[in-house]
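Peer 1: Make a model of this:
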Amino acid sequence: MVSLKRYVWLIVLLIVGCAGTAPNILHVQAGPGGLSSKKEEVNDSSLSRKLTFGEVSIRPLQLGSSMEAQVIIQNTSKRDVIFEYRFIWYDAAGFELSTVTSWIPAYLTGKEARGFRSTAPGPNATNFKCMIRRPHSITDMGS
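Peer 2: Purely as a prediction, here's the structure:
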C-alpha cells in the first residue's frame with residue numbers, strides 16, 4: 001500500500017516538473033553612439049550554466065531610420081544545446097514596439113558561439129530585450 005505521504009511527493013514532483021521556467025533576459029539600452037548599458041537577468045540557472053550572453057553590437061540601418069542589434073550567445077557546454085529566443089523592442093518611454101514576439105527555435109553545438117540578430121521595428125526604438133529559454137512543446141506568444 002502506498003502511503004499518503006508518497007502521493008503528496010508525487011504530486012509535488014509532477015507540479016514542479018510541469019511548471020514552466022521564466023526565460024533568461026538580456027536588457028539592452030541603446031544610446032546615440034550605440035550600446036549604452038546592458039543588464040542580464042537569470043531566471044533559469046540550469047540554462048545559464050549552458051548558454052551565456054556575450055558581446056552586443058548595435059548599428060543604424062539608415063540615417064534617421066531603425067537599427068539592427070546582434071547578441072552573441074555562447075554555448076559553454078560540450079554538448080549541443082537546443083533553445084528558443086526572441087527580441088522585444090521598446091521606445092524611450094518603455095512601450096513595446098515589437099510586432100512579432102513569437103519564440104524562434106535555435107541550437108548551438110558544443111562550445112559554439114553565434115550572433116543572433118533583430119531589426120528594430122522603427123526609428124523610435126531605444127532598447128530591447130533578448131530572451132532565451134528552454135524549448136517548449138508549443139511555441140506561444142506569451143511568456
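Peer 1: Now do the helices in the protein.
Peer 2: Counting by DSSP state H, residue ranges of the helices within the chain are 4-18, 45-48.
Peer 1: remind me which residues of this protein are low pLDDT?
Peer 2: Low-confidence segments of the chain (pLDDT under 70): 1-20, 32, 64, 138-143.
Peer 1: Hmm, Pro123 and Ala30 touching each other?
Peer 2: No: between Ala30 and Pro123 there is no contact under CB atoms under 8 Å: 11.8 Å. Just so you know, the C-beta spots here come from the backbone N, C-alpha and C atoms, and that holds for glycine as well.
Peer 1: So for these two, which residue has more residues nearby?
Peer 2: Ala30 (21 against 15; other CB atoms under 10 Å).
Peer 1: Pull up the gap between the closest residue in space to Trp103 that isn't next to it in sequence and Glu41, please.
Peer 2: Leaving aside its sequence neighbours, Trp103 sits nearest to Glu84 (CB to CB, 6 or more residues apart in numbering; 4.0 Å). If you measure Glu84 against Glu41 using CB to CB, to the nearest Å, the figure is 16 Å.
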